[in-house]
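In: Return a 3D structure for these sequence lines:
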Amino acid sequence: MHVVLAGGGTAGHIEPALALADALRRQDPTVGITALGTERGLETRLVPERGYELALIPAVPLPRKPTPELITVPGRLRGTIRAAEEVLEGTKADAVVGFGGYVALPGYLAAKRLGVPIVIHEANARPGLANKIGSRYASRVAVATPDSKLRGARYIGIPLRRSIATLDRAAVRAEARAAFGLDPNLPTLLVTGGSQGARRLNEVVQRIAPRLQQSGVQILHAVGPKNELPQVQQMPGMPPYVPVSYLDRMDLAYAAADMMLCRAGAMTVAELSAVGLPAAYVPLPIGNGEQRLNAQPVVKAGGGLLVDDAELTEDWVLQNVMPVLTDPHRLYQMSRAAAEFGRRDADELLVGMVYEAIAEARRA
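Out: Numbers count the residues shown, from 1 in each chain. Sure, this is the predicted structure:
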């Protein structure tokens, strides 16, 4: 069996694809896996690092919304669809599994031409153009949010790295806090704006940090590799404030934390829900509003708070985040609500859908 994955461009597309690849290999170590990508995407680094074959095709960016530019897409797609067909023919692909992004649409259209079954996974509450089009031809459609509008979709969550999906935060907490130089017993706020950081979050946290520390809260703050680390003078007897450029062990960061202040990307929401870590979500104020939609279900379930970027102030943190961090019972309740909403088995569920699609195509 050979499966071609189409989900290049950003980590939000690539990480679920790689989690599926790992799950497929656990089920059958002999399965062939090839990832479609473009030379401009993160997949050029992430896919080979995980030991999977990468096949590059030309990039054809898609407009996020219907615009006059959309009418030029078919002409620009012809060459990249043909390149995708060559990959499918060369690998004798049994299925294409797409996650959105630049490479997904040519992958879907190539699979349709060749009669290869298509399985789609949509991570965002508001699906992208590639998955909207591809869902018309797909044998199976999986989604990460329970109220997705994609036709015939099955809610499974997002395939996650095993280090996250199997994380027992309580069991690893002491080790995690020691690794970051944190106190083993104090309430802990984890702050990150994603892999590149978020200036708004950084500025608010740096200003409010002394007040949080005075109230007995310690802080682990990933500012982003391109942002300057704040100068911190640790006062004797005060809870630690630990700024770092980047967190390469998010499992340890999640285990160390009692609550998180973060953006609301689909992967972030899925990971925090799966491990039962409550969060104050600050959706990115640009784009098509999908980050707010990503966070709303877990917030409605009681596993998080939601605040607009413009409303995130020092006062808001003091009035909303501080009472949670300093109330063990409320922390427990929110953590439990997040965990009950979260899904840890999406990778295995998606493997099952891939097998179903292949078996159905073989019977046809």
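In: Tell me the secondary structure of the spatially most central residue of the chain, please.
Out: Nearest residue to the geometric centre of the chain (C-alpha atoms, centre = their mean): Met267, 1.6 Å. The three-state label given to Met267 by DSSP: H, G, I helix; E, B strand; the rest coil is helix.
In: Asp347 too?
Out: In three-state terms, and counting by three-state DSSP, Asp347 is helix.
In: pretty sure it contacts Ala165?
Out: Yes - between Asp347 and Ala165 there is a contact at 6.9 Å, judged by C-beta atoms under 8 Å. For the C-beta atoms, the positions are set from N, CA and C on the backbone; glycine is no exception.
In: Can you check which residues contact both of those two?
Out: Here Asp347 and Ala165 have Ala19 as joint contacts, going by C-beta atoms under 8 Å, 6 or more residues apart in numbering.
In: I'd assumed Leu150 was in a helix, is it?
Out: No - counting by three-state DSSP, Leu150 is not part of a helix but coil.
In: what's around it, how many residues?
Out: 18 (other C-beta atoms under 10 Å).
In: Next one: it from Gly9, what distance?
Out: 19 Å (C-beta to C-beta, to the nearest Å).
In: can you check Arg362 too?
Out: Distance from Arg362 to Gly9, counting by C-beta to C-beta: 31 Å.
In: between the two, which one's more packed in?
Out: When neighbours are counted by other C-beta under 10 Å, Arg362 and Gly9 differ, and Gly9 comes out ahead with 21 against 9.
In: would you list every one of the helices in the stretch 1-150 of the chain?
Out: Per DSSP state H, counting those that start in this stretch, the stretch 1-150 of the chain carries helices over the ranges 11-27, 43-49, 73-91, 104-114, 129-134.
In: Identify whichever of those lies nearest to Glu203.
Out: Set against Glu203 and scored by C-beta to C-beta, the helices of the stretch 1-150 of the chain come closest in helix 11-27, at 24.1 Å.
In: With only the CA atoms kept, save the closest one in CSV.
Out: Output of helix 11-27 as CSV, limited to C-alpha atoms (Å, rounded to 0.1, in the frame of the first residue of the first chain):
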residue,chain,number,x,y,z
ALA,A,11,3.1,23.7,10.2
GLY,A,12,-0.7,23.6,10.6
HIS,A,13,-0.9,21.5,7.4
ILE,A,14,2.3,19.5,7.8
GLU,A,15,2.1,18.4,11.4
PRO,A,16,-1.2,16.6,11.1
ALA,A,17,0.0,14.9,7.9
LEU,A,18,3.1,13.7,9.6
ALA,A,19,1.1,12.5,12.6
LEU,A,20,-1.0,10.5,10.2
ALA,A,21,2.1,9.1,8.5
ASP,A,22,3.5,8.0,11.9
ALA,A,23,0.1,6.3,12.7
LEU,A,24,0.1,4.5,9.3
ARG,A,25,3.6,3.2,9.9
ARG,A,26,2.6,2.0,13.4
GLN,A,27,-0.2,0.0,11.9
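In: Does it pack against any helices or strands, and if so which?
Out: Using 3 or more C-beta pairs under 8 Å, 6 or more residues apart in numbering; DSSP states H and E, the elements in contact with helix 11-27 are strand 2-6, strand 32-37, helix 43-49, helix 162-165, helix 266-275, helix 346-363.
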